[in-house]
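[1] here is the input, now give the coordinates:
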Amino acid sequence: MGIKLHKHPRLKSPIMIVGWPGIGNIGLIAVDTLRELAKAEELGEIESYEFFLPSKVVIKSGILEELEFPTNKFYFRRIEGKDLIFFIGEEQPRKQPTSDYAEGEEAYRMAHLVLDVAEKFGCQRVYTSGAAVSLMHHTMRSRVWAVPNTERLIKEIKQYSNTIVMSEIEGRGGQGHITGLNGLLLGVAKKRGIDGICLMGEIPIYLQGLPIIYPKASKSVLDVFSDILGIDIDLSQFEKTAQKAEKNIEKFYSQIPSEMRSQLEKLKEIYHLEPTEIKPMTEKNRKKLWEEISDFLKKEGKGDEEAI
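    Purely as a prediction, here's the structure:
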């Protein structure tokens with residue numbers, strides 16, 4: 001079990017960009033879209049059989065031919081003089097099948113294997129990407145919350161457009177948390193002396209448990225990557241996908257009872273406050289809002305019962 005490299009390119013101080021599934025697959029969609037637009041070549045993979053159960057059994061002519069597992073692949077590409085390594089994981093390793101996020105020894109080992117490749121090719125920085133559940137309305141532009149693994153990166157983060165430091169949004173005295181491998185990888189990177197930043201696109205609190213993609217947030221993350229890398233990213237095709245998703249979201253939103261919808265409309269007012277003025281939603285109010293939405297979704301037969 002370990003890493004399989006199919007190629008051994010000479011890369012100059014590459015940046016590693018990592019994507020895993022999560023809420024709305026916001027980070028995964030952003031990273032995978034960037035990889036596709038860059039036309040990155042496959043570099044290698046992490047063997048999956050010790051991390052995951054088979055996702056598929058392939059049968060040919062009545063005979064079981066092979067087991068297929070979730071893939072964990074590395075890619076590379078040079079863009080305008082910058083070397084990039086992408087890592088795309090189809091699934092996060094976890095102890096319990098019912099858990100949504102990476103945890104335990106398997107997740108820790110996965111983080112180290114990803115960073116083994118980063119170190120092998122001389123990466124000085126790694127980016128992860130995910131979702132930030134926010135008190136926003138879906139008609140608003142998603143901001144990008146950023147969390148660095150070292151204090152000296154905060155000044156740099158504040159120079160990116162539409163980007164805010166997560167601790168300032170939370171309004172909790174510099175506190176916050178990132179669930180799953182997006183956060184764990186940054187912690188392991190810090191121990192290994194590698195700079196890291198997590199970029200999280202905002203998703204409205206009332207959409208986080210739905211089987212609906214939210215590409216508006218992924219686009220915001222892509223815009224920040226464009227700033228970071230100093231490259232223009234053609235998102236014309238991606239924007240068409242976002243428009244289709246927006247129609248699905250509007251359809252869902254129109255089915256929410258008018259009384260609840262009027263409460264959600266108030267989120268537009270909160271959104272226009274300065275980051276330092278935003279007060280964190282109390283756990284009691286957060287739970288109440290989610291319970292109301294969950295009850296509605298259950299009645300419609302498409303609910304996610306996990307509380308936030």
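
[2] now do the phi/psi pair for Leu79.
    Just so we're on the same page, residue 79 is Ile rather than Leu. phi -120, psi 120 (degrees, to the nearest 10).

[3] again, but for the one 10 residues further on
    Gly89 has phi and psi values of phi -110, psi 130 when expressed as degrees, to the nearest 10.

[4] also Pro93?
    phi -70, psi 140.

[5] would you map the helices across the stretch 151-300 of the chain?
    Secondary structure of the stretch 151-300 of the chain (DSSP state H, counting those that start in this stretch): helices at 154-157, 166-170, 181-191, 215-229, 236-254, 258-265, 267-271, 283-300.

[6] could those helices be laid out in TSV, adding mean neighbour count?
    All C-beta atoms are positioned from the backbone trio N, CA, C, and that covers glycine. Below are those laid out as TSV (neighbours: other C-beta atoms under 10 Å):
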stretch	mean neighbour count
helix 154-157	14
helix 166-170	19
helix 181-191	21
helix 215-229	23
helix 236-254	13
helix 258-265	12
helix 267-271	15
helix 283-300	14
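
[7] columns mean pLDDT and distance to Gly104 on top of those, output as a markdown table?
    Shown next, in a markdown table, are the helices of the stretch 151-300 of the chain (pLDDT from 0 to 100; distance: least, C-beta to C-beta, whole Å):
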| stretch | mean pLDDT | distance to Gly104 |
| --- | --- | --- |
| helix 154-157 | 94 | 30 |
| helix 166-170 | 73 | 24 |
| helix 181-191 | 93 | 10 |
| helix 215-229 | 95 | 27 |
| helix 236-254 | 89 | 33 |
| helix 258-265 | 84 | 36 |
| helix 267-271 | 70 | 35 |
| helix 283-300 | 63 | 26 |
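
[8] can you tell me which of those helices is nearest to Ile88?
    helix 181-191 (12.3 Å; C-beta to C-beta).

[9] just checking, what packs against that closest one?
    helix 104-120, strand 125-134, strand 195-204 (3 or more C-beta pairs under 8 Å, 6 or more residues apart in numbering; DSSP states H and E).

[10] next, count neighbours for Ile59.
    When neighbours are defined as other C-beta atoms under 10 Å, Ile59 has 10 of them.

[11] and whichever strand or helix holds it, which strands flank it?
    If you go by DSSP states H and E, Ile59 is part of strand 56-60. Note on strand 56-60: by DSSP bridges, its sheet partners are strand 63-68 (antiparallel).

[12] pLDDT (mean, whole number) over the strand it pairs with?
    Average pLDDT, strand 63-68: 73.

[13] ditto for stretch 78-97
    The average pLDDT within stretch 78-97 is 86.

[14] just the buried residues of it, please?
    79, 83-94 (16 or more other C-beta atoms under 10 Å).

[15] can you lay out those as CSV showing secondary structure?
    Formatted as CSV, those follow (DSSP: H, G, I helix; E, B strand; the rest coil):
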residue, secondary structure
Ile79, strand
Asp83, strand
Leu84, strand
Ile85, strand
Phe86, strand
Phe87, strand
Ile88, strand
Gly89, strand
Glu90, coil
Glu91, coil
Gln92, coil
Pro93, coil
Arg94, coil
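
[16] which ones are touching Lys251?
    Residues near Lys251 by C-beta atoms under 8 Å, 6 or more residues apart in numbering: none.

[17] got the contact list for the residue nearest to Val188 when sequence neighbours are not counted?
    Distances taken as C-beta to C-beta, 6 or more residues apart in numbering place Ala111 nearest to Val188, at 4.4 Å, with adjacent residues excluded. By C-beta under 8 Å, 6+ apart, the contact list for Ala111 reads Leu181, Leu184, Leu185, Val188.

[18] from Phe51, how far out is the last one?
    Distance of Val188 to Phe51, computed by C-beta to C-beta, to the nearest Å: 16 Å.

[19] same check, this time on the second one
    Distance, Leu184 to Phe51, by C-beta to C-beta: 14 Å.
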